[in-house]
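Undergrad: Okay, sequence plus prediction incoming.
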Amino acid sequence: MTAAFDAIAPTYDASRGGTARAAGFAGQLAPLLDPAEPVLDIGVGTGIVAAELAALGHRVYGVDLSPGMLAHARERLGARVAVGDAGRLPVRTASVAQAVSTWLLHAGPDPRAVFREVARVLRPGGRYLVIPARGRQPDDDIGRIVRALEARLDPAATRQDAPDVLTPLAAAHGLTYEGPAGERPTVFRVSPTAMADSIATGRLFTGAWQLRDEDLPLVADACDRLRALPDPDVPRVREMADFVMVFRREE
Ligand SMILES: C[S@@+](CC[C@H](N)C(=O)[O-])C[C@H]1O[C@@H](n2cnc3c(N)ncnc32)[C@H](O)[C@@H]1O
């Protein structure tokens, strides 16, 4: 996992929506954060989201497992970042008022271990804000094929970070899911052919960027299904939405 993120670190920001994505996420998180308290960004990555939060007046500290990703975060945030495992945070018990993670819980760590650690480091009443990789998705012909591929690539749902998957894992550690907040819809147009092309490169599709050799036939099959849809070159108008999951540590 660390090696994979080290390898993509130089191109990560540009290939994941750049500062537009980061500023959008920061805009969703900021109204839910207390500017008087520091923020711990768990899985801070290159620091692109944390830097946008800092620009909005928040004091952000970051932890990430990948030294390659963190080198970019250090350029943005200086000494406020440290190499560390989200499942074993280098942070004192009950010392954090608020923590955030964007696109972390689908990316490799065991969410149970992350919630256990978040529950340990948060003060009673503290909040953990999570922007999942899989926001609200359209239920259209493209979406059905992509979701079926995800299910085949990840039958145990270890890369799923939807509320119904995460809520019971958080509750087991005394973190209550208070619901979604700060929904930010995005409308874009993509044809089945274009979606097949991007899935084939493993770039756009969250669950497929770490493809193993045995996964390739499944991806090829999904690409064939996309290209076999009616009017495969006609873009579909797709509305998706990113949202923030709000978890609170019980008092
Ligand atoms: C998809 S990136 C998201 C980075 C950043 N939050 C963003 O939105 O740009 C996932 C990040 O989680 C980090 N990560 C994966 N497993 C981790 C773990 N167990 N502990 C800490 N960081 C981890 C990766 O190194 C990577 O930087």
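TA: Yep, that arrived.
Undergrad: What's the local residue count around the closest residue to Ser101 other than its chain neighbours?
TA: Spatial nearest neighbour of Ser101, excluding adjacent residues (Cβ to Cβ, 6 or more residues apart in numbering): Ile42 at 4.7 Å. All C-beta atoms are positioned from the backbone trio N, CA, C, and that covers glycine. Ile42 sits with 28 neighbouring residues when counted by other Cβ atoms under 10 Å.
Undergrad: Please apply the same query to Ala23.
TA: Number of residues near Ala23 (other Cβ under 10 Å) recorded here: 18.
Undergrad: my read: it touches Glu52, true?
TA: Yes: if you go by Cβ atoms under 8 Å, Ala23 and Glu52 touch, sitting 4.9 Å apart.
Undergrad: Just want the residue of the protein that's nearest the ligand.
TA: With Cβ to the nearest ligand atom, the shortest gap between the chain and the ligand falls at Gly45, namely 2.5 Å.
Undergrad: Distance from the chain centre to the host helix or strand of Asp6, please.
TA: Applying DSSP states H and E as the criterion places Asp6 in helix 2-15. Remark: helix 2-15 is offset 14 Å from the chain centroid, using Cα atoms, centre = their mean, to the nearest Å.
Undergrad: For that helix, give me every contacting residue.
TA: Applying Cβ atoms under 8 Å, 6 or more residues apart in numbering, the contact partners of helix 2-15 are 19, 22, 45-46, 48, 65-69, 71-72, 107, 203, 209-210.
Undergrad: Can you point out the buried residues in that helix?
TA: 5-6, 8-9, 12-13 (16 or more other Cβ atoms under 10 Å).
Undergrad: Output those residues in a markdown table; the columns should cover distance to Val244.
TA: Shown next, in a markdown table, are the buried residues of helix 2-15 (distance: Cβ to Cβ, whole Å):
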| residue | distance to Val244 |
| --- | --- |
| Phe5 | 23 |
| Asp6 | 28 |
| Ile8 | 25 |
| Ala9 | 25 |
| Tyr12 | 21 |
| Asp13 | 21 |
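Undergrad: now for the residues you listed, which pair is the farthest apart?
TA: Asp6 and Asp13 (14.6 Å; Cβ to Cβ).
Undergrad: So for stretch 79-92, what gets flagged as buried?
TA: Neighbour-count burial for stretch 79-92 [16+ other Cβ under 10 Å]: 80-82, 84-87, 89, 91.
Undergrad: three-state assignment of Leu104?
TA: Under DSSP: H, G, I helix; E, B strand; the rest coil, the three-state class of Leu104 is coil.
Undergrad: pLDDT score for it?
TA: Predicted confidence (pLDDT) at Leu104: the value is 95.
Undergrad: Many thanks, have a good one.
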